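In: just a sequence and a predicted model for now, questions to come.
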Amino acid sequence: MGLTDNVHQLSREHLKTGPDGKAHKVPALLEELRNAVTPGHAGSAGGSDGGPPIPINPNALDLLCEIERDSRRDYFEITSEAWDSTLEELLQRFATMDLAADWSAYLERVSLEYIDQITAMLWPVKPRRKLVGKVCPSCGWATYGEERKTCLSLGCWDDEGAMKKVGEWDIECGSCEAGWTGEQMIFLLRALDTRDEIELTQAR
């Protein structure tokens, strides 16, 4: 993806592949982030007269303010002018500017970081699962480090939080960083006598 694609996801309604494998229209990521600042409330940020204050998600608010602050700063550094319109329009302006190569590369990178940060905050991926008490066949350890963390972990969830097919799972070692996928992973689970009875708990 390039800067134009990143900006489109951040500032406009766009298509996203759902769990059913079909493309669906979804709101702009910045719109989703703004909605998360005051979840369940579409009106003003203040509470109704005499009513309780509307809860604020401080993490969502901090991220939104950070993106807006940094984007306005970048625009000023590029043009020596202050931006006086919305954040969405500013990002769209970046995508149409005749930028120097270093600025283009920088904005492409940071806009992708914005996408990753918003996605991680709003739709956190389920953690990998650890294979408790199983020895890594590569380094020969079951735990590592002073905290004795479990070496082997299993990746079995997709980006939507649903369980993948077994053939799409992967196993990684946190100690030696060895990894297994596909048929290798299935063979390793059988070798570890893991497939059916192992206790799978959330990885740290």
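Out: Good, I have the coordinates.
In: which residues in this protein form helices?
Out: Using DSSP state H, the helices found in the chain span residues 3-11, 29-37, 58-79, 87-96, 101-122, 182-191.
In: go through the ones you listed and pick out the most buried.
Out: Mean neighbours per residue, mean count of other C-beta atoms under 10 Å, is largest over the helices of the chain for helix 3-11, with a mean of 21. Using the backbone N, CA and C atoms, a C-beta is placed for each residue, glycine as well.
In: domain ranges for the chain, per the record?
Out: Residue ranges for the domains of the chain, per automatic domain parsing: 3-122, 129-202.
In: now what about stretch 89-104, what contacts it?
Out: With contacts defined as C-beta atoms under 8 Å, 6 or more residues apart in numbering, stretch 89-104 is touched by 3-4, 7-8, 10-12, 30, 71-72, 74-75, 78, 83, 107, 111.
In: how far away from the center of its chain is it?
Out: Its chain's average C-alpha position is 24 Å from that of stretch 89-104, according to C-alpha atoms, centre = their mean, to the nearest Å.
In: do the same with stretch 100-111
Out: With C-alpha atoms, centre = their mean, you get 20 Å for stretch 100-111.
In: before we move on, the earlier item: just put the domains of the chain in CSV and tack on mean pLDDT.
Out: Shown next, in CSV, are the domains of the chain (pLDDT from 0 to 100):
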stretch, mean pLDDT
domain 3-122, 87
domain 129-202, 82
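In: name the residue closest to the centre of the protein, please.
Out: Centroid-nearest residue in the chain, with C-alpha atoms, centre = their mean: residue 120, separated by 3.0 Å.
In: separation between that residue and residue 59?
Out: According to C-beta to C-beta, to the nearest Å, residue 120 stands 11 Å off from residue 59.
In: residue 90 and residue 67, how far apart?
Out: Distance, residue 90 to residue 67, by C-beta to C-beta: 10 Å.
In: which residues touch residue 87?
Out: 11, 30, 67-68, 71.
In: with those residues in mind, which one is nearest to residue 39?
Out: Taking C-beta to C-beta as the measure, residue 30 is the one of the contacts of residue 87 closest to residue 39, at 15.7 Å.
In: the residue nearest to the centre of the chain and residue 33, how far apart?
Out: Separation of residue 120 from residue 33 (C-beta to C-beta) stands at 12 Å.
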